[in-house]
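*Asks:* Got a sequence here, can you build the structure:
(one chain, ligands or ions: 2)
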Amino acid sequence: MPALSSCSRPLFEERLRRSGLRVTQQRVAILEFLSGTTSHPTADEVGRAVNLDATMASRASVYNVLRSLRDAGLVEELVLDDALARFDANVNRHHHFICRACKRVEDVDWAELPLRRRTKLPDGKSVEDLSVVLRGLCTACQKS
Ligand SMILES: [Zn+2]
Ligand SMILES: [Zn+2]
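*Replies:* Ligands and ions are numbered 1, 2, ... in the order given. The predicted structure is shown next:
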């Protein structure tokens, strides 16, 4: 597990407690990792990142932690083109941009593409969530 910096750790413990979750090493490590990245990692990538030095966390327990964080509203789960579940500590309403060249997934501010929220479609379907996936070339790939 990566070294937890002494200043941020209590913050993540507090966020877990406030969300009604028991504080565990793994939950703190995974929440801290996700909060420090914008890469939208898959569960496997999260597992690899928090296991860098020993403490063999099994795949299943990484999934369990991710699910508990998601259910508590601390991280968002999204599934994009490759059908893999990805995790994001940005739980503010936002869209995603996928670069077709480097496959990077980036956040797009809701304000860049504001959409009207609706709870019902005309035919009666109830809407629970709304976001848009934009595709193109990221700024780095446009330069190369
Ligand atoms: Zn790119
Ligand atoms: Zn995102």
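
*Asks:* Can you tell me how far the residue nearest the centre of the chain is from ligand 2?
*Replies:* With distances taken as CA atoms, centre = their mean, the residue of the chain nearest its centroid is Asp88 (1.1 Å). Asp88 is 4 Å from ligand 2, where distance means CB to the ion, to the nearest Å. (Glycine included, C-beta is placed from N, CA and C.)

*Asks:* Quick check: that residue touching Leu74?
*Replies:* No - at 10.5 Å, Asp88 does not count as touching Leu74 under the criterion of CB atoms under 8 Å.

*Asks:* all strands of the chain, in order?
*Replies:* Using DSSP state E, the strands of the chain run over 76-79, 85-88, 94-99, 105-109, 133-136.

*Asks:* Okay, buried residues for the lengthiest helix in the chain please.
*Replies:* Using DSSP state H to define each element, the chain has its longest helix at helix 59-71. Residues of helix 59-71 classed as buried by neighbour count (16 or more other CB atoms under 10 Å): 62, 65-66, 68-70.
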